[in-house]
Every structure is written in C-alpha cells, then in structure tokens.
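**Student:** my questions are about this predicted structure, shown below with the sequence.
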Amino acid sequence: MTRGYGVSLAALAVALLGPGAQAQTAGNGVDILSGFRRIWIPGQTYDTGSPTALGAPLLLRNIQIVAERARERTQAQEIAAYDDDRRNQSYSVIDGLGPLTRAYLAGSGATTTIPAFDATTSRVQYVDQGTGAGVTTSPLGKVVQLVNAFRTNASTGPAKDAYSYPRPWRQSLNGQSLGFVVPPSLGPERSPTPATDGGFPSGHTNAAYLSALALAYAVPQRFQELLTRASELGDNRIEAGMHSPTDVIGGRVLATAFAIRALNDPANAALLGEAFAQAQRYLSQACGGPLERCAHAPVDPATDRFSDYARDKAAYTARLTYGLPPVGPTDRPPVVPVGAEALLATRFPYLTAAQRRDVIATTELPSGGFLDNGLGYDRINLFAAADGYGALDGTVTVTMDAARGGFSAYDVWRNDIGGAGGLV
C-alpha cells in the first residue's frame, strides 16, 4: 500500500529506522533503572527503605526541592499541576503541537472530561473519561494508534514495587512532615494505600514522554516543543507534591527505553509509516500550507506556549538533572542504547542510522548520574540531539533530497559543533 510518497509505508519505516536497528527485548523497567540502588536501599516494607551513604545527600536535596517548590507555588502553578494530574497524559501533551493543536484535536477526536479548576476540586476526585490521544477511527486514527502502541506494556508499576521509594508527601524534612506539599485541590488524589503507591518512577511522566515521543515521530516539525511539554508535565508532578525530581527523571528515562522498544518492534513497522504519512498529510491540508511553516507560524504565546526556543531549551535542560549532583565518574565515553537511533528517524530522515547514533552520542549527558548503569538511557538528551551533531570527529557526508521535501530539503542544526572533523 502506498500513500503519495512513492514508497510503501512499511518500506518507509525500514528506510527511516535503518536496516541495522535491532529490536529491544521487552522489559518491565526494573533493570533500566537499576542505578537507583546506588542511592536507595528498598526495605522489606514500603516504610523501611533507606538512603545509601552515597545517596543520602542527593536524596536530601531531592526532597528539599519539593518543599521549596510547595512553599513558592502560585495559584496558576497549582492549576497547571492539577490539570496535568487529572487529565489523561496523552491528551495533556497535545498542546505541544502549538499552532497545529486545534487541527489535531479536530482530526483525532481527542477529548478530556476534567472540568475547569474550581472549589469542588478539593472535595471531588474527578476521573478523566475522555479519549486521550483520540479515536482510532478518526482521520488521525493511525497517529492515535501509534500513541497507544507506545504506551502498551509500558507501566511503571513493576519498578515502583521493586524500589519502594515513597512519595514526597509521605516523607519528612528536618523532623517536619511534608504532607503540606500536596495542594488542597489534589487532596482527593492522595492514595490511602502506601504499600502499593510508590513514588519512583513517576507514571505520569513516563506516560507523558511516551505520548510526546509518538507524536514527535509523526510530527517531527514540533519535536522539541513536544518534548518540552512532556518535561513540563513531569515538572508539574513536583509542583503537585506527588513526586520528587528523582521520580520524574526516572519516568523520563523509562519512557525513553520503552519508546526505543516500540520503535524497533517489527509489529509496529507499518503503523509507524502510516502514522507519519497520515499526520503530515492531514495537518498540512488543515493549515493550508507546508507543515514546516505552519508548525511555527507566528502566534500569540498564549496559543503556542512553546514558541520561545531559548526558554524551551533552558527548561528542558534544567529538568534533565534538576541540579542533582553526579554520584560517579563524569568522564566515561558516550553510550548509545541499541536501537536509540530510531528516536530521530523522522527528525533526520536524511541521515543514516549510524549517523543518528552519532548525533545522540555527541549530544548526550555526562556519565555519573544517579541512574547511570552503563546502559545509556539516562544520558540521552533528545532536545539537544534534535539540534544535530554536537561534534564531528571525522568527515561526515550528508545527502539531502529537495524532492522529498520536509527536513530532507532543508534543515537547521543549532548546536555549537565541536570536534576536528568536517561536513560534506
């Protein structure tokens, strides 16, 4: 089956992912996050875990950040945290599409049933009965299916059970209970069963990144903005007092691993091509012009909250670590997980799979983070990777094709590229 791109959709996915991409084995996330055991020793019960000597200073700062944020929280921040707590995460990240949001909502049938913030939120536990990313029979149904595929078998539950790290509001700081960090509006959401309600990793953050990465694959013209929206949702989990920075970082790292698995799953090969083609066609028709232009049309910041590149980059970068100190050597060589190049397949369709791996390697975080277990998932910085190579260590040959349009015809790399190599 072909769709106006002169190539079968399954072949399109193979071309984008690269023939050398290897499928990831299914995992429950416990091994992906094994670095957490360097700073935290799970107990036999939910309330008997303890920090390691190495992790004690980091985990103290981790909780201090939550308390500081709670004391400084404005009503606007509380409302944003409430919305991101209650709405389906697949729905919440849609506004990362900016000027394309309205068209996506119309074409996907995405809805939420969470009412506007008011006095009842502190008394009523509202549950979102909307359609999340949308309806699979809609004009953007393949994109909706892709979001759903990313989120399938991608639960944080096993890791929460394994690490048994408590939510912030169940902890104390300097002898004071941190129950105050959850605002009244989210009081109804506090679980009465702590044994089955661990904090690490954040499930909301995991779901937000998975949804955003699926949308970013289908609409790479909003790649960085969608990532920033996912990072904002994760940050709002701290604002809500429901999670700490380590929880949020864990959610992002786990989502990265799950997304790589989904992108390299042969069962998703045809869907990847179909979703990309469908999104590009529908949204360009809806906006009446090239998607590259429509995706960044000059708009009021109220319409596109992520139109400021510098602000997005600063926010996303800060949320990668929250300033938590390294706990290991910071000078180890880059490590790129098998199949990670697929994350950039539609963002850099003109690069080979090996070149996309090099982009990830030259833009990743230093080693030594608290989740660094040698697998590399925690070191991936997709915002920076979306700006191209961080360094050229040899001669890099790039072949672009204006006839294919999109990024294959024109692209901008915004990193300050180092290295002794060059570009041909």
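**Tutor:** Perfect, thanks for sending it. Quick caveat, the model's predicted, so the values are computed rather than measured. Numbering: from 1, shown residues only.
**Student:** and for A218, nearest residue in space, chain neighbours not counted?
**Tutor:** A279 (3.9 Å; CB to CB, 6 or more residues apart in numbering). The way it works is simple: take the backbone N, C-alpha and C, and place the C-beta from them, glycine included.
**Student:** in contact with that neighbour, which residues?
**Tutor:** If you count contacts by CB atoms under 8 Å, 6 or more residues apart in numbering, A279 has them with 140, 142-143, 218-219.
**Student:** stretch 186-205: how far from the chain's middle?
**Tutor:** Once both centres are worked out by CA atoms, centre = their mean, to the nearest Å, stretch 186-205 turns out to sit 20 Å from its chain's centre.
**Student:** all numbers from here: first residue = 42
**Tutor:** In the new numbering, first residue 42, that becomes stretch 227-246.
**Student:** got the end-to-end distance for that stretch?
**Tutor:** End-to-end distance of stretch 227-246 (CA to CA, to the nearest Å): 17 Å.
**Student:** ok, back up a step: tell me the buried residues in the helix or strand in which the residue nearest to A259 is found?
**Tutor:** Assigning secondary structure by DSSP states H and E places A320 in helix 310-328. Going by neighbour count (16 or more other CB atoms under 10 Å), the buried part of helix 310-328 is 310-325, 327-328.
**Student:** again, but for stretch 142-149
**Tutor:** By neighbour count on 16+ other CB under 10 Å, the buried set for stretch 142-149 is 142, 144-146, 148-149.
**Student:** skip the chain neighbours and tell me the closest residue to the spatially most central residue of the chain.
**Tutor:** Centroid check for the chain by CA atoms, centre = their mean gives Y250 as the closest residue, at 2.5 Å. Leaving out its chain neighbours, the residue that sits closest to Y250 by CB to CB, 6+ apart is A296, at 3.5 Å.
**Student:** dump the C-alpha coordinates for the helix or strand harbouring that neighbour into PDB.
**Tutor:** In this structure, A296 sits in helix 286-304 according to DSSP H and E. Output of helix 286-304 as PDB, limited to C-alpha atoms (Å, rounded to 0.1, in the frame of the first residue of the first chain):
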ATOM      1  CA  PRO A 286      12.900  15.200  40.900                       C
ATOM      2  CA  THR A 287      14.400  11.600  41.100                       C
ATOM      3  CA  ASP A 288      10.900  10.200  40.400                       C
ATOM      4  CA  VAL A 289      10.400  12.500  37.400                       C
ATOM      5  CA  ILE A 290      13.900  11.800  36.000                       C
ATOM      6  CA  GLY A 291      13.100   8.000  36.400                       C
ATOM      7  CA  GLY A 292       9.900   8.400  34.500                       C
ATOM      8  CA  ARG A 293      11.600  10.100  31.600                       C
ATOM      9  CA  VAL A 294      14.400   7.500  31.400                       C
ATOM     10  CA  LEU A 295      12.000   4.600  31.500                       C
ATOM     11  CA  ALA A 296       9.800   6.200  28.800                       C
ATOM     12  CA  THR A 297      12.900   6.600  26.600                       C
ATOM     13  CA  ALA A 298      13.700   2.900  26.900                       C
ATOM     14  CA  PHE A 299      10.000   1.900  26.200                       C
ATOM     15  CA  ALA A 300       9.900   4.200  23.200                       C
ATOM     16  CA  ILE A 301      13.000   2.700  21.700                       C
ATOM     17  CA  ARG A 302      11.500  -0.700  22.200                       C
ATOM     18  CA  ALA A 303       8.200   0.400  20.400                       C
ATOM     19  CA  LEU A 304      10.100   2.000  17.600                       C
END
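**Student:** run the chain-centre distance for it.
**Tutor:** 7 Å.
**Student:** got it, and stretch 182-198?
**Tutor:** Distance of stretch 182-198 from its chain centroid, counting by CA atoms, centre = their mean, is 13 Å.
**Student:** residue boundaries of the strands in the chain?
**Tutor:** Under the criterion DSSP state E, the chain contains strands at 81-82, 91-92, 213-214, 217-218, 436-437, 463-464.
**Student:** would you mind finding the most buried of those strands?
**Tutor:** Highest mean neighbour count of the strands of the chain: strand 81-82, a mean of 18 (counted as mean count of other CB atoms under 10 Å).
**Student:** so what touches that one?
**Tutor:** Outside of strand 81-82, the residues within contact range by CB under 8 Å, 6+ apart are 90-93, 96, 100, 204, 206, 241.
**Student:** ditto for stretch 427-445
**Tutor:** In contact with stretch 427-445 (CB under 8 Å, 6+ apart) are residues 264-265, 268, 385, 388-392, 396, 399-400, 403-404, 425, 449-452, 454-456, 458-465.
**Student:** out of the residues you listed, which end up buried?
**Tutor:** The neighbour-count test (16+ other CB under 10 Å) applied to these identifies 264-265, 268, 385, 388-390, 392, 396, 399-400, 403-404, 425, 452, 456, 458 as buried.
**Student:** make JSON lines out of the contacts of A320 and add pLDDT and neighbour count.
**Tutor:** Converted to JSON lines, those look like this (pLDDT from 0 to 100; neighbours: other CB atoms under 10 Å):
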{"residue": "L181", "pLDDT": "98", "neighbour count": "28"}
{"residue": "K183", "pLDDT": "98", "neighbour count": "22"}
{"residue": "V184", "pLDDT": "98", "neighbour count": "29"}
{"residue": "A259", "pLDDT": "98", "neighbour count": "26"}
{"residue": "V260", "pLDDT": "98", "neighbour count": "24"}
